[in-house]
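K.L.:
sequence? don't have it. structure:
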């Protein structure tokens, strides 16, 4: 199961975050519940059932290094990020290529109304970029969970488009 951890500890500040530029909020991610996946997309899709005469079905798993993809999934939820999304995708691609690992970038358009969707059309069909589109604005958490549910790789990073 993919584990993501989240925490939020605002650093000590007597000012409001919108008026004090020194306000910093470090963010980590909290464990998300396992999201059911279609069998074809589940990490345990390689699970084999073996039966012996007179015995119940036994589950046999391949060792992780044989059945699991090693690499990085980058998730970018976006809402009205027409002016920033291209630079974000290009920078992510450059950074991940420099790591010499397999990777995918999943962009989730959360019902943008500013033309973000048309910018994302330029990335359709690229082998390392997957575009998901929510039918309406469903929120940051929904978009992340949706992307995590189809992530190919066990290691997941989440970044904003701006």
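P.N.:
The structure has been received and is ready for your questions. Predicted model, so just to flag it, every value in this text is computed and none were measured. Residues are numbered from 1 along each chain as shown.

K.L.:
ok, the helix or strand where residue 74 lies: who's next to it in the sheet?
P.N.:
Using DSSP states H and E, residue 74 maps to strand 72-78. In the sheet, strand 72-78 lines up against strand 103-109 (parallel), strand 155-158 (parallel) (DSSP bridges).

K.L.:
what mean pLDDT does the helix or strand following that strand have?
P.N.:
Where DSSP H and E defines the elements, the next helix or strand beyond strand 72-78 is helix 85-98. Mean pLDDT, computed over helix 85-98, is 96.

K.L.:
now helix 85-98: buried residues?
P.N.:
By 16 or more other C-beta atoms under 10 Å, the buried positions in helix 85-98 come out as 85, 88-89, 92-93, 96. In this view, the C-beta of every residue, glycine as well, is placed from N, C-alpha and C.

K.L.:
name the helices or strands packed onto it?
P.N.:
strand 72-78, strand 103-109, helix 116-121 (3 or more C-beta pairs under 8 Å, 6 or more residues apart in numbering; DSSP states H and E).

K.L.:
10 Å instead?
P.N.:
strand 72-78, strand 103-109, helix 116-121, strand 129-133, strand 155-158 (3 or more C-beta pairs under 10 Å, 6 or more residues apart in numbering; DSSP states H and E).

K.L.:
for residue 139, find the nearest of those.
P.N.:
strand 72-78 (8.9 Å; C-beta to C-beta).

K.L.:
so where is this structure shaky, pLDDT-wise?
P.N.:
Scanning the chain for pLDDT under 70 picks out 1-68.

K.L.:
the same query, at a cut-off of 50, please.
P.N.:
1-33, 37, 39-67 (pLDDT under 50).

K.L.:
out of the strands paired with strand 72-78, which comes closest to residue 138?
P.N.:
Between the strands paired with strand 72-78, strand 103-109 lies closest to residue 138; by C-beta to C-beta that is 9.3 Å.
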